[in-house]
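Q: My questions are about this predicted structure, shown below with the sequence.
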Amino acid sequence: MHHRSAGLIRRLGGAEIAAVVIFIVVFAIPLSTKSVLVYSVLNQVLVGVVAAFSVWIMLRMNLLSFATPAFMAIGGYTVAIAGRYDITNAFLLTAGAFVLPALVAVPLGALVLRLRGTYFVLVTFVLSQIMQLLLFETPDLTGGSNGIAGVPPGTLLGTELASNQQVLLFACGLALLATLITALVTRYFRQHFAAIEENEILAESLGLVVWRYKALGFVVSAGVAGLAGYSLVNMLLTAHPSSFDSITAVDFIAYTIVGGRASILGPIVGSTLLVYATNLFGTHGQYAQGLYGVLILVVILAARGGIVGTVGTLLRRRA
Amino acid sequence: MHEFLEAGIIGVSLGAQYALLALGFTLIFGILGVVNFAHGGFYMLGGYVAYSCVSGLGLPYPLAVLVAVLATAGLGWVFELLLIERLIDDHLATLMLTLALYLIISTGVLVVFGPISMEFTFPVAGALRAGPIYVPRENLIVLAVCLAAILAVYLVLFRTDLGRALRALADDRAVGMALGLRPRLLFPAAFALATGLAGLTGALVTPILALAPGVGDPVLATSFITVILGGLGSLGGAALAAFIVGIVEAYTSVYFGGSAGALVLFVLVLLLLVFRPTGLLGRDVRGA
Amino acid sequence: MKQHRALLAAATAICVVCTTLPAWGQGCELKIGSMGPMSGGAAQWGLAMDAAARMAAAEVNAEGGLKVGNKTCHVTVVAYDSKYTADGAAAGANALAAEGIHFIIGPVGAPEATGIKPVAARNEQIAWNASYAKDALMPRYPLMFHMGPGPGAWADAVIKQALKYFKITSVALIAPNDQGGTDIVSVDEVAYKDNGIKTTSEYYQRGTTNFAPIITRILAANPDAVDTASSPPGDAGVIVKQLRLAGFTGPIGRNGGPGTAEILRVCGGIDVLKDFYWYEAQPPNTPQMRAIDEEYKKLLGKDQTFGTSMWSNLPGARMTLKAIEVAGTMDDVQKVAEALRHLPVDDPNMGKGVWSGQKQFGIAQELMFAFGVGIIKDGKEIGVTRVEPKL
């Protein structure tokens, strides 16, 4: 009996199970407190984690993607534009926020995934820049530089998600969904992704149809980013181009690397720490960016493999 | 009609400036494998150091530029030796390190000099004119200095032992080390050379344009685009791509406007990469 | 032994007195927030907002504190860097609310104003945005106030004054391609058209440092004048420099926020600028305005280095503190807002003004003081003409 359940846990992945549990437990926070700071930071963390997951999925194949803000924009603006036509059903919007970026990722992936390594990185950066310009050039659809303000609250099973608590609970829900998707995809295709991460050419020579898995990863990563975009627009009740600036990609990458790229818990830990730090440093006016830089510097130098990686090494050394 | 010629002149000026930045960026990538997020920071520091020399110490401008180059090169040397060396094999970690450095440099400059543009003008004013066509004298001088710098870099890298060692390490570090090359001495040198180039560009260009915290931000994006286009690790590619980017940017801005122009430029780069995934002159490259 | 005990008793007594001193009279602390971009290209505006808040607080503290009901409170300022983004401002409002702050001096930019409105309303915070956004104020956000009017209120006066000195039948406007640019240019265009002037507009990628190509494009249409609208002063300075290098001899205008001093610094001096018309957010460089900088130095011990936009933010900061005093409470935000709305607009340095905004936004919560229109002609400062506020 013990043997069989241990095997199951190993198959599902201890870290993945822990991640899912975390996002189930997190529902308790909005239900047990009304603190403005907790609500604000938690909501930002939930958005950040989902975006970091999007980065992390691609990083499983050793591909660093800067395209997260572009796909977040697609997800977020889909929701905002749907709101204009009075579509507020939360299930429909969630599906839309996932599917539309994923659909766009298919042709983009065909274009972009043939590039390896650092070329991929830089090209995804260009994609995010292009998205910003597209938003600006399409004022009738996207509101241009003003964005779309006053997005109506979503409705879930009949109730309108209007209060702060409801918005936060919904964000918890989106984060849980993203965690499940990320965990399932990365766990199921763990070996395929790992083979590509190790040595892509070798994997291909051994019979792995590499482009299929890269495409899958890219599409799922785009969909997850779309969910992050929905969560962000939901938090602000506004879809504004400044929220999807290409430079925010650096933040999400930082969350993943600082947290630790080897485990699904990495993006979670990284987002929590760095989002909290941003809020903390924000009240120091002009020193905010510098303090953030110092924090990243210290963590990167002190913790090889990110925070989760370092903790893992310490635990293993003890054992 | 004269706009066409004017766009070309502007494009060449831009190209020379971008070339210096791209050369440094691709040097660091090619030899160390580091994506230098702080490149714009060294550009900015070059401008501020030169400004401080001119207005604070009263030094003549050319001397100030020299000081700026030495200062940024020195800072780059120290940064590489003390921080990047420790994590040289982890590309993502070094990316984060250079990012952190950029944030610290930006904040430092903001706190020390304040947010408002400094009064820093190029010592030579006026333009050469032929009808409606004009070339500002400052642009010509900067173009000349840039070309001289590119030539100097080429000579160092292809005609000296140091340069040969650097290129060997870029090609294959393990073999280079096995043959006795010492990365601990050479890597800081490569980094310093690159940051010195960025500082030189800053010291030259900020008096032509403006000097304020934040002028470093677009440098990174430009360096990225230029280096992808040219092919990572390829010096010739970087120089060539820089001029192409400068000229394309000038023409698209003149004929399509500011943001539509930028869009066209990005899409062109994207399309080019579809057909030549390693850039114009690049080679196949290591992973992220 | 006896001396020891006496000393110990004395020390204890002093300690007890010291720790209970705060409870006597002072004791209360009023925290207000300042918000705006404090890093990046727009940092000078955010820091100017912060400087205004700090000066208003210092003025009140120098008199012993702010009288709130029967307590006297020491005023402190907490600054938040909202990075010129909508989500930055929203996060800032929440972060400040978490510190119990209900009065925000700021934010600055149009995206920030858009982002903060719903969140500040949810947190019951009074805020003063300084943006020129088209929706800077909205009737459904009664706790949002506006530091000063946008071009809708003054562009016409600026253009009419310019026409007295320069012949202008067509103008090219240039601004960055985000909300901070587009909102202002669209209003400026209306003002020009109302005066029978043809307009073309060009937007540049925010982050552009070299404007030579765009200038070549603009000049191809042969405009009589070029208006830098709300381009940041650093950019505007480069635009002026490069316009003159390109051989443009027409007048250059600025129907956007303040920044003439910085433009002069960057472009190379008044001989380069030659012909210029601009909006000055406060009456000419009178002794009353310069007094602000002197007082700033006296109260805070350093030079005011953030330009004239700091002056424009000061009345709003001062009036907020005054409203708290008049309402007698710092906890009942609605009461303070009501008191604020009824305060006469009369600032010791800016002079008398009016509550404007009804026509443009449908809610009269915007401060409008006498402003100025500046003219430089043939490289000489003609002067800044005072224009009285008109509703």
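A: Received the coordinates, thanks.

Q: Hmm, A:Val104 is touching A:Ala73, no?
A: No. Judged on CB atoms under 8 Å, A:Val104 makes no contact with A:Ala73 at a distance of 10.4 Å. Any C-beta I mention is one placed from the backbone N, CA and C, and that applies to glycine too.

Q: So between those two, which is more surrounded?
A: It is A:Ala73, of A:Val104 and A:Ala73, that has more neighbours when counted by other CB atoms under 10 Å in any protein chain shown, with 28 against 17.

Q: List the buried residues in stretch C:191-201.
A: Across stretch C:191-201, burial judged by 16 or more other CB atoms under 10 Å in any protein chain shown covers C:Ala191, C:Tyr192, C:Ile197, C:Thr199, C:Ser201.

Q: Just give me the closest of those to B:His2.
A: Taking CB to CB as the measure, B:His2 sits nearest to C:Ser201 out of those, at 23.0 Å.

Q: mind checking the SS state of the closest one?
A: Per DSSP: H, G, I helix; E, B strand; the rest coil, the local secondary structure of C:Ser201 is strand.

Q: helix or strand for the residue lying closest to it once chain neighbours are set aside, which one?
A: Beyond its immediate neighbours in the sequence, the residue positioned closest to C:Ser201 (CB to CB, 6 or more residues apart in numbering or on different chains) is C:Leu173, lying 4.5 Å away. Element membership for C:Leu173, per DSSP states H and E: strand C:170-176.

Q: So which other helices or strands are in contact with whatever helix or strand comes next after that strand?
A: Elements were assigned by DSSP H and E; along the chain past strand C:170-176, the next helix or strand is helix C:179-194. Using 3 or more CB pairs under 8 Å, 6 or more residues apart in numbering or on different chains; DSSP states H and E as the contact criterion, the secondary-structure elements in contact with helix C:179-194 are helix C:110-123, helix C:151-165, strand C:170-176, strand C:198-204.

Q: Where does the residue sitting nearest the centre point of chain A fall, secondary structure wise?
A: In chain A, the residue lying closest to the centroid (CA atoms, centre = their mean) is A:Ala51, at 1.7 Å. Applying DSSP H and E as the criterion places A:Ala51 in helix A:36-59.

Q: Give me the distance between that helix and the centre of its chain.
A: Taking the mean C-alpha point of helix A:36-59 and that of its whole chain, the gap between them comes to 6 Å (CA atoms, centre = their mean, to the nearest Å).

Q: Let's test this: mean pLDDT of that helix, rounded?
A: Confidence for helix A:36-59, expressed as mean pLDDT, is 92.

Q: Which elements pack onto that helix?
A: Helix A:36-59 is packed against helix A:28-32, helix A:68-84, helix A:164-188, helix A:210-236, helix A:248-259, helix A:265-282, helix C:86-98, with contacts defined by 3+ CB pairs under 8 Å, 6+ apart.

Q: ok, whichever helix or strand comes after the last one near chain A or not?
A: Past helix C:86-98, heading to the C-terminal end, the next element that is a helix or strand (DSSP H and E) is strand C:103-105. No. Contact between strand C:103-105 and chain A is absent, the nearest approach being 12.2 Å (criterion: CB under 8 Å from any CB of the partner chain).

Q: What are the contacting residues of strand C:103-105?
A: The set of residues that contact strand C:103-105 without belonging to it, under CB atoms under 8 Å, 6 or more residues apart in numbering or on different chains, is C:32-35, C:49-50, C:52-53, C:56, C:77, C:92-93, C:96, C:116, C:120, C:125-128, C:313, C:316-317, C:320, C:324, C:330, C:336.

Q: Keep only the residues you listed that also lie close to chain A.
A: C:Ser34, C:Asp50, C:Gly92, C:Leu96.

Q: quick one: secondary structure of the first one?
A: Yep, that's C:Ser34 we're talking about. Reducing the assignment to helix, strand or coil with three-state DSSP, the entry for C:Ser34 is strand.

Q: Report how many residues lie close to it.
A: Count around C:Ser34 with other CB under 10 Å applied: 34.

Q: Could you double-check that it lies in contact with C:Trp45?
A: No. At 11.6 Å, C:Ser34 does not count as touching C:Trp45 under the criterion of CB under 8 Å.

Q: returning to what we had before: counting neighbours, show which residues of the helix holding A:Ala51 come out buried.
A: Residues of helix A:36-59 classed as buried under the neighbour-count rule (16+ other CB under 10 Å) are A:36-59.

Q: Helix A:68-84 and that helix, what's the angle between them?
A: Angle, helix A:36-59 to helix A:68-84, by axes from the mean of the first three to the mean of the last three CA atoms, to 10 degrees: 120 degrees.

Q: what angle separates helix A:36-59 from helix C:110-123?
A: Between helix A:36-59 and helix C:110-123, the angle comes out at 130 degrees (the same axes, to 10 degrees).

Q: ok, back up a step: nearest to B:Ala178, out of the helices and strands packed on helix A:36-59?
A: Closest of those to B:Ala178 is helix A:248-259, at 30.9 Å (criterion: CB to CB).

Q: Contacts for that closest one, please.
A: A:48-49, A:51-52, A:54-56, A:59, A:64-69, A:124-125, A:128, A:265-271, A:273-275, A:296, A:299-300, A:303, A:306-308, B:37, B:92-93, B:95-96, B:99.

Q: what's the following helix or strand after the least confident helix or strand in chain A by mean pLDDT?
A: Scoring the helices and strands of chain A by mean pLDDT, DSSP states H and E places helix A:2-12 at the bottom, with a mean of 58. Scanning the chain past helix A:2-12 towards its C-terminal end, the next helix or strand to appear is helix A:14-25 (assignment: DSSP H and E).

Q: interface residues of the stretch 101-250 of chain A facing chain C?
A: Contact residues, the stretch 101-250 of chain A versus chain C (CB under 8 Å from any CB): A:133, A:136, A:144-147, A:149-150, A:164, A:232, A:235-238, A:240-243, A:245.

Q: Let's see which of those residues end up in strands.
A: Of the positions in those, A:Ala149, A:Thr238 sit in strands, assigned by DSSP state E.

Q: Are any of the residues of the stretch 101-250 of chain A next to chain C buried, and if so which?
A: Neighbour-count burial within these applies to A:133, A:136, A:144-147, A:149, A:164, A:232, A:235-238, A:240-243, A:245; the criterion is 16+ other CB under 10 Å.

Q: For chain B, tell me which of those show up nearby.
A: When CB under 8 Å from any CB is applied, the members of those adjacent to chain B are A:Leu133, A:Phe136.

Q: neighbours around C:Arg265, how many?
A: The burial metric for C:Arg265, expressed as a neighbour count using other CB under 10 Å, is 21.

Q: again but with B:Val65, I slipped
A: Applying the criterion other CB under 10 Å, we find 23 residues in the vicinity of B:Val65.

Q: B:Asp172 too?
A: The burial count assigned to B:Asp172 is 11, neighbours taken as other CB under 10 Å.

Q: B:Val35 - that's part of a strand, no?
A: No. Using three-state DSSP, the assignment for B:Val35 is coil, not a strand.

Q: okay but it is in contact with B:Leu95, surely?
A: Yes. At 5.0 Å, B:Val35 and B:Leu95 qualify as touching, with contact defined as CB under 8 Å.

Q: That'll do, ta.
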